[in-house]
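Enquirer: dropping a prediction and its sequence here:
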Number of protein chains: 4
Amino acid sequence: MKNTFGQSVAITLFGESHGEAIGVVIDGLCPGLTVDNEFIKAQLTKRRPSTLADTKRQEKDNYKIISGVFEGKTTGAPLTILIPNEDTRSSDYQRGLPRPSHADYTASVKYHGYEDYRGGGHFSGRITAALVAAGGIIIPALKGLGITLGTHILECAGVCDKEFTSPEAEIELIKDKPFPTINNVDDKMLEAIDKARLEGDSVGGILESAVCGMPAGVGEPWFDSVEGIISHALFSVGGVKGVEFGSGFKLAKMKGSEANDQFEIKDGRVVTKTNHSGGINGGITNSMPIIVRCAVKPTPSIAKPQASLDLNEMQEKTLEIKGRHDPAIVRRASVVVDSVLAIAVADMLASRYGTDVFLKGIN
Amino acid sequence: MKNTFGQSVAITLFGESHGEAIGVVIDGLCPGLTVDNEFIKAQLTKRRPSTLADTKRQEKDNYKIISGVFEGKTTGAPLTILIPNEDTRSSDYQRGLPRPSHADYTASVKYHGYEDYRGGGHFSGRITAALVAAGGIIIPALKGLGITLGTHILECAGVCDKEFTSPEAEIELIKDKPFPTINNVDDKMLEAIDKARLEGDSVGGILESAVCGMPAGVGEPWFDSVEGIISHALFSVGGVKGVEFGSGFKLAKMKGSEANDQFEIKDGRVVTKTNHSGGINGGITNSMPIIVRCAVKPTPSIAKPQASLDLNEMQEKTLEIKGRHDPAIVRRASVVVDSVLAIAVADMLASRYGTDVFLKGIN
Amino acid sequence: MKNTFGQSVAITLFGESHGEAIGVVIDGLCPGLTVDNEFIKAQLTKRRPSTLADTKRQEKDNYKIISGVFEGKTTGAPLTILIPNEDTRSSDYQRGLPRPSHADYTASVKYHGYEDYRGGGHFSGRITAALVAAGGIIIPALKGLGITLGTHILECAGVCDKEFTSPEAEIELIKDKPFPTINNVDDKMLEAIDKARLEGDSVGGILESAVCGMPAGVGEPWFDSVEGIISHALFSVGGVKGVEFGSGFKLAKMKGSEANDQFEIKDGRVVTKTNHSGGINGGITNSMPIIVRCAVKPTPSIAKPQASLDLNEMQEKTLEIKGRHDPAIVRRASVVVDSVLAIAVADMLASRYGTDVFLKGIN
Amino acid sequence: MKNTFGQSVAITLFGESHGEAIGVVIDGLCPGLTVDNEFIKAQLTKRRPSTLADTKRQEKDNYKIISGVFEGKTTGAPLTILIPNEDTRSSDYQRGLPRPSHADYTASVKYHGYEDYRGGGHFSGRITAALVAAGGIIIPALKGLGITLGTHILECAGVCDKEFTSPEAEIELIKDKPFPTINNVDDKMLEAIDKARLEGDSVGGILESAVCGMPAGVGEPWFDSVEGIISHALFSVGGVKGVEFGSGFKLAKMKGSEANDQFEIKDGRVVTKTNHSGGINGGITNSMPIIVRCAVKPTPSIAKPQASLDLNEMQEKTLEIKGRHDPAIVRRASVVVDSVLAIAVADMLASRYGTDVFLKGIN
């Protein structure tokens, strides 16, 4: 399905970095949802470059909703959002000299040289603005069901934040931060990122997300496990090279007696005393917060010279990347990850409870 | 799609731990592939309990292919494999007392108490025998295209193996080992596992896999990235709680200048000097080995008493798990992971090159 | 998706005419549904040859449910039904001499000669027994929601039945008839069929089906219209070469003022005075009965000599078909069509109202 | 999947009749295809109202390709086409007074009154302009593989054209006709349509299409039969209420000896002497022309007063439809049907032969 994701609520992405516009179609969305343009704008602002850690390219993200909304509410028909590209500088890019760890080379093989290479074309992080706009529609719909989510920068450039311990409260805490950390380590992270930038280099990081308020019983055994669906969606975010749930890779070092989440009853509800499972057992939600972490690689665009190839001549050639790039993508990726999570969760809810779940509630 | 995975080559899983049989339907498989029963049996043997680290349940896995094969070769019609359950002991299981970190509780919510609870029912690791049988058909088909794959136990119970450095040779090295490690640390791992077993406990681990010989240009941008497809499939394997590609979570600590895989030409082919990307850029293969690691949690079935609930009475109750279980699932999971990888890779190849790719080759 | 149909309730077909068994996996089925074996058997009996109009091959259809049912009720996990083939006579079939208007030639091109050619292999009408068994599970589930359906033989061998006028009552009338006609024209049809049989020939017919009790608002605009979904499913039934809804092809000759279904209120409910639309407007149900007709071609297996080819020698050659065949498939197809309709309708309901719709009802 | 159709080549439709724009995303399209804007324009012109038989609404269809094309050729990334709505007159439409045999009532139930009701909203035939634009990209790609297709008006308002007898030549004959008939009965049809128009009424018709040059072996057994895929797609075209292949409903009246397509060898190729099967056996192409006919109902918008309902008051109320409408939709639908056929065929070819089939050819 390539550029479409989801069964009940499905989104389709399109556009290139230096094309006229990028966009997204959201299909299967429940009718009657209020479109909160202030919230969409706020989300897009979060994704936009604003700190030293970010690219200099300045897109205003003047999105337009061209279908699926009528009198301020979703209609149930496909909702299409267009975001024009207004600040492109294509002369920075050359065909046939692939940037290491970018998609330039793989795209040229897959598309036989017909791809739009400018600014990474369809592979550009630019397209994530459309994911964020889609999230801007869906996140409030989830909130209407009592489901909240948030992402903070757990690690970046060697600086660490604390892990979620009370996700519901911590989501509230970070939700308006432009550089979301729980322990307010953003200044230290920015400093470390800027150091890398001045060296002509870039850094990676880890994003940690939580989804709170999920009902138990969502997801499927085997292939459409909550982990399977969410990881599938998250790996579409450029730079994500690892996804783990609950205690994730740390579980490899634990014993069963430590890792198992024992049950208790709290306020009449079944909960677990710990949450090493990240809210998911056997692929299905257990009503505890879904906890997921993404490893984000350093931005592959760096100023340092690198060994590349002239693909036309098939000979080695040194590359110096121009263009305007982010020395660390994690901050901007955090809002993208929130949006992708919202999309995946909305799809699972609509599959389980029907297409009108956001109007009718979970029953 | 729940129990079906794949677009061009699609597999459908069915069965319960204590039902009459489990099985798999493989649809969309290229006709004319030789079915190598010796190989299928060898793969099933690898998955079967054989060491102290494994459960005492002994299933013979007398599989039967009941459709899709004619005169020893695949026909192109759905290939169905049945594996009878012959050594079940249902009295070990009780309804309504969920085992921590198992699917018992989530299944009871999702299926409203109608699920077959015996031995974990449809959530049981038993069903992975069907995945392994499917892999037994598909792995040789991949080999016919020059694609080999293998999985070793990178870490278990605190004992570590080395990471892949020459995956092609190392796959060859481990391929017949019942407890696959590159550095022959299997005895030390088994010892550590047995120690946990004697304590009534269990341990987790990390599996590392490589797929060699993939052509460049396979996979899709955004949602059907190779990472997205493979992780989706791998998270269906019970106990997998993290998946990373290439240098994975380590990338979070690296600089771009360290993490980028610079290009060179070797024997006339485009390769990268390093493989931190795990063979995938922008979601698309670059012809370097695909490297993927799975974090496997400790088996949740442990002998120690645990806090559970009587779901009928809605009160807390201590649980002592009986039944026959694996103190470490990693060894047996390694062959399951190989099979799942083979399935996912076969699907991506058939989507890219057409349904007859295994007969006609990659062009 | 080839041999899998449906999004929320999905069925996967497998098996060959002369293989060990055929079968079906029903995935996504609501838990808690009672499995009525008497009903399943009765449906399979209806499909079995019993009149002069039918083949002499006698399969007992000793089906077995090997997964997805526990203590007499569906569990929600994939429900697998196996039906052994017990009365095969493979010597009647030859490879490489394709029967006109059968799938022999197209299969040999598609599968490069690796197909199981015996008795039509995977293309055989034999496989429809699995569809009927699946329908035997699903039809009662629909009934639980107040949805009934039935199919009668509108035309066969030049003899015509009347069209549905009061479908709800007429479904009741025909439901236990082995050769379902409203006007009791079965004897005349059988006579006409037998005449063709004695001439070594075969005849076709038209099946008319109704689905009553559908709620309004089911289906999707554009591609997943109720017509699109149902026709997609019905064309899988061998021999169906035309599908029409409501007044169908007759609408081509009507004026808008005749064809339009004007509204009225009856017993407080919105209904239409006529039902030329067959219960569907804009692809979405309007609560009137869904009316659908299938054109079924004459059985292509006839005793008369026909011009075929020796595919190995690539030369023309006369074929005389042996084997045991149906001079008219319509009677047996009627129960298959009921089953396929039930499957398609169940899928649409579960997509709209959630996976538990059969437990929770339509709301 | 609602507004998305196709597995390998997938199109997603969006937009409303009176919204800002309608459009389509074509995903999975082979890179390197030349975009022939003259052809796209010519196709859109064919669909545009131009005769007395058509609506007075005049849209210029100033489409824009906003992604997926670079330097005049497809890139392989999603190709998005936007078509602005420029001649809307929303005051003609009222909420809550559903037009008989339109989607107004069913949409209001499905979308709970949140749908954009103006001009039929997302259900409007206006959206087919996007299908035609997509066809304008894909039809030339098929031609590059030697596959041609065309549709003529077999019957309209009681006037009949002849059926295809030499489809390849007849496609050539009709291809530039604004009102395509083989026997030049367009004037008679127009006259008959105009008569209905003057009476405030509308008429239906039958479209007959042929696809020539298809290789044998495309399509799938059972659910993804060529008939299943094509009918699924065709029923998305508003007003289509019947679809038949080859001799279709006439087969119901034929004997096997008449209906069977006997084989012969012609110019070294396997062909059949007749084509009652419409180029498809067992769901798979046999290399003969695919012949398919669509029954199109009379346009439901008529000037005569009709019985409707005031949905807010839930009482019967007479409706007089204003707005600008087509007394016969068949002429305009013919180019839509061509486009839909092209989309479905392209998808089946890419699934069978791989995503690059249009670059690499069929092998």
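Expert: Sure, I can see it. Numbering: from 1, shown residues only, chains lettered A, B, ... in the order given.
Enquirer: buried residues in stretch A:350-363, which are they?
Expert: A:Ala350, A:Ser351, A:Arg352, A:Tyr353, A:Gly354, A:Thr355, A:Asp356, A:Val357, A:Phe358, A:Leu359, A:Lys360, A:Ile362 (16 or more other C-beta atoms under 10 Å in any protein chain shown). Quick note: C-beta positions are derived from backbone N, CA and C, even for glycine.
Enquirer: list the contacts for A:Asn286?
Expert: By C-beta atoms under 8 Å, 6 or more residues apart in numbering or on different chains, the contact set of A:Asn286 is A:Ala216, A:Thr272, A:Ser277, A:Gly279, A:Ile280, B:Tyr105, B:Thr106, B:Val109.
Enquirer: where does the stretch 151-300 of chain A get nearest to chain C, residue-wise?
Expert: Nearest residue of the stretch 151-300 of chain A to chain C: A:Pro221, at 6.9 Å (C-beta to the nearest C-beta).
Enquirer: specify the angle between the longest helix along chain A and helix C:330-353 in degrees.
Expert: Counting residues, the longest helix found in chain A (DSSP state H) is helix A:330-353. Orientation check (axes from the mean of the first three to the mean of the last three C-alpha atoms, to 10 degrees): helix A:330-353 against helix C:330-353 gives 130 degrees.
Enquirer: got the buried residues for stretch A:255-264?
Expert: Neighbour-count burial for stretch A:255-264 [16+ other C-beta under 10 Å]: A:Lys255, A:Gly256, A:Ser257, A:Ala259, A:Asn260, A:Asp261, A:Gln262, A:Phe263.
Enquirer: so which of the residues you listed comes closest to chain D?
Expert: Closest approach between the buried residues of stretch A:255-264 and chain D, by C-beta to the nearest C-beta: A:Asp261, at 36.2 Å.
Enquirer: test my guess that A:Asp338 contacts A:Ile139.
Expert: Yes: contact status for A:Asp338 versus A:Ile139: in contact at 7.0 Å, counting by C-beta atoms under 8 Å.
Enquirer: what's the overlap in contacts for the two?
Expert: Applying C-beta under 8 Å, 6+ apart, one finds that A:Asp338 and A:Ile139 are jointly contacted by A:Gln43, A:Leu149.
Enquirer: quick one, what contacts the residue of the stretch 201-350 of chain A found nearest chain B?
Expert: Proximity of the stretch 201-350 of chain A to chain B (C-beta to the nearest C-beta) peaks at A:Gly282, 2.3 Å away. Residues in contact with A:Gly282 (C-beta under 8 Å, 6+ apart) are A:Pro221, A:Ser225, B:His102, B:Ala103, B:Thr106, B:Ala107, B:Gly120, B:Phe123, B:Gly238.
Enquirer: distance of the nearest residue to it once chain neighbours are set aside from A:Ala216?
Expert: Taking C-beta to C-beta, 6 or more residues apart in numbering or on different chains, and ignoring the residues beside it in sequence, A:Gly282 has B:Ala103 as its nearest neighbour in space, at 2.3 Å. B:Ala103 sits 11 Å away from A:Ala216 when distances are taken as C-beta to C-beta, to the nearest Å.
Enquirer: who's more crowded, those two?
Expert: In this view B:Ala103 and A:Ala216 are compared by other C-beta atoms under 10 Å in any protein chain shown, and B:Ala103 has more residues nearby, 27 against 19.
Enquirer: quick one: the longest helix of chain A near chain D?
Expert: No: using C-beta under 8 Å from any C-beta of the partner chain, helix A:330-353 never reaches chain D; the gap is at least 11.2 Å.
Enquirer: any idea how far that helix is from the middle of the chain?
Expert: 8 Å (C-alpha atoms, centre = their mean, to the nearest Å).
Enquirer: show me what that helix is packed against.
Expert: Judged by 3 or more C-beta pairs under 8 Å, 6 or more residues apart in numbering or on different chains; DSSP states H and E, helix A:330-353 is in contact with strand A:4-5, helix A:37-47, helix A:128-144, strand A:148-156, strand A:205-212, helix A:226-234, strand A:290-296, helix A:357-360.
Enquirer: pipe those into a markdown table and attach distance to chain B and mean pLDDT per row.
Expert: Output for the helices and strands packed on helix A:330-353, formatted as a markdown table (distance: least, C-beta to the nearest C-beta, whole Å; pLDDT from 0 to 100):
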| stretch | distance to chain B | mean pLDDT |
| --- | --- | --- |
| strand A:4-5 | 4 | 96 |
| helix A:37-47 | 16 | 96 |
| helix A:128-144 | 9 | 98 |
| strand A:148-156 | 6 | 98 |
| strand A:205-212 | 5 | 98 |
| helix A:226-234 | 4 | 98 |
| strand A:290-296 | 4 | 98 |
| helix A:357-360 | 16 | 96 |
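Enquirer: in JSON lines: these, plus distance to B:Leu207.
Expert: Below are those laid out as JSON lines (distance: least, C-beta to C-beta, whole Å):
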{"stretch": "strand A:4-5", "distance to B:Leu207": "27"}
{"stretch": "helix A:37-47", "distance to B:Leu207": "35"}
{"stretch": "helix A:128-144", "distance to B:Leu207": "31"}
{"stretch": "strand A:148-156", "distance to B:Leu207": "24"}
{"stretch": "strand A:205-212", "distance to B:Leu207": "21"}
{"stretch": "helix A:226-234", "distance to B:Leu207": "16"}
{"stretch": "strand A:290-296", "distance to B:Leu207": "17"}
{"stretch": "helix A:357-360", "distance to B:Leu207": "37"}
